[in-house]
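>>> this is the structure alone, sequence omitted:
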């Protein structure tokens, strides 16, 4: 079952698309509908979806601005518009498909098939990641396999400074590369990292213990290499100090 949401400033357009989608109720379910793009973006940050049906022309924020504000697009984006002039721009902005309003049932059928194919490719990538990680463990390798942005990055623990939570996503900060956005919760990242190197010092942060320069006891912060300042949770403080 595919899980979708709809963002469109026109309630009638939402109702029309919802009705068309009800013809495929055994394959796709609409979890939420938003006339406010801002509320839709907030929902995406905190929930897992398979597809976003997104209107282009909206008064407070157009569809392309919405796409820009979504950090990690691990789901299909289907642009819905009354104007076919937006087709090329939609594809260039990482939309998987576009539908002209009023939405045709046959066109929607084809789009749902494309969404399924996209999801299958993503699932295959996740399975491959697990195989590589298992292979690393059997060979006693210390590299950490991170699946991100259509590729798998292998990181040495010494390269990682800290990981930060962002709802259903996490950001891994390294010593040399740009921050890496990962479609995993911080709890899942914590399970990937070796315990002798890393410690979850706060609900929102995991730090590399080997990179700690200072601990500010009064303020409750640690200073890492590159002068990153990370808060220490009160209930983690004593456990953190036991690591030194």
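Received, thanks. Treat the numbers as computed from the prediction; the structure is a model and nothing was measured. Numbering: from 1, shown residues only.

>>> my guess is residue 36 contacts residue 60, does it?
Yes. Here residue 36 lies in contact with residue 60, judged by Cβ atoms under 8 Å, at a distance of 7.4 Å. For the C-beta atoms, the positions are set from N, CA and C on the backbone; glycine is no exception.

>>> neighbour count winner among those two?
Set side by side, residue 36 and residue 60 show more neighbours around residue 36, with 14 against 10, by other Cβ atoms under 10 Å.

>>> and that one, what does it touch?
Neighbour list for residue 36: 9, 60 [criterion: Cβ atoms under 8 Å, 6 or more residues apart in numbering].

>>> mind checking pLDDT for it?
Residue 36 carries a pLDDT value of 96.

>>> how is the protein carved up into domains?
2-123, 142-241 (automatic domain parsing).

>>> give the residue farthest from the middle of the protein.
Taking Cα atoms, centre = their mean as the measure, the residue most remote from the mean C-alpha position of the chain is residue 218, 35.0 Å away.

>>> so that one, which state does it fall into?
Following DSSP: H, G, I helix; E, B strand; the rest coil, the label given to residue 218 is coil.

>>> can you tell me which residues contact it?
So residue 218 contacts nothing (Cβ under 8 Å, 6+ apart).

>>> shared neighbours of residue 36 and residue 60, anything?
Joint contacts of residue 36 and residue 60 (Cβ under 8 Å, 6+ apart) are residue 9.

>>> in this structure, what helix or strand scores lowest on average pLDDT?
Lowest by mean pLDDT, DSSP states H and E among the helices and strands of the chain is helix 87-92, with a mean of 58.

>>> which strands or helices does the following helix or strand past that one pack on?
Under the assignment DSSP states H and E, the closest C-terminal helix or strand after helix 87-92 is strand 97-100. Packing partners of strand 97-100 (3 or more Cβ pairs under 8 Å, 6 or more residues apart in numbering; DSSP states H and E): strand 76-81, helix 87-92, helix 105-138.

>>> kindly recompute the last result at 6 Å.
On a contact count with 3 or more Cβ pairs under 6 Å, 6 or more residues apart in numbering; DSSP states H and E, strand 97-100 meets strand 76-81, helix 105-138.

>>> report the rounded mean pLDDT for that strand.
For strand 97-100, mean pLDDT is 86.

>>> next one: stretch 56-68
89.

>>> in that stretch, what counts as buried?
Across stretch 56-68, burial judged by 16 or more other Cβ atoms under 10 Å covers 56, 58, 61-64, 66-67.

>>> ends of that stretch, what's the gap?
13 Å (Cα to Cα, to the nearest Å).

>>> now that stretch: how far from the chain's centre is it?
Remark: stretch 56-68 is offset 19 Å from the chain centroid, using Cα atoms, centre = their mean, to the nearest Å.

>>> numbering from 16 from now on, please.
Sure, I'll start numbering at 16, so the last one becomes stretch 71-83.

>>> can you pull out the helices in the chain?
Secondary structure of the chain by DSSP state H: the helices cover 26-37, 52-61, 78-84, 102-107, 120-153, 201-207, 252-256.
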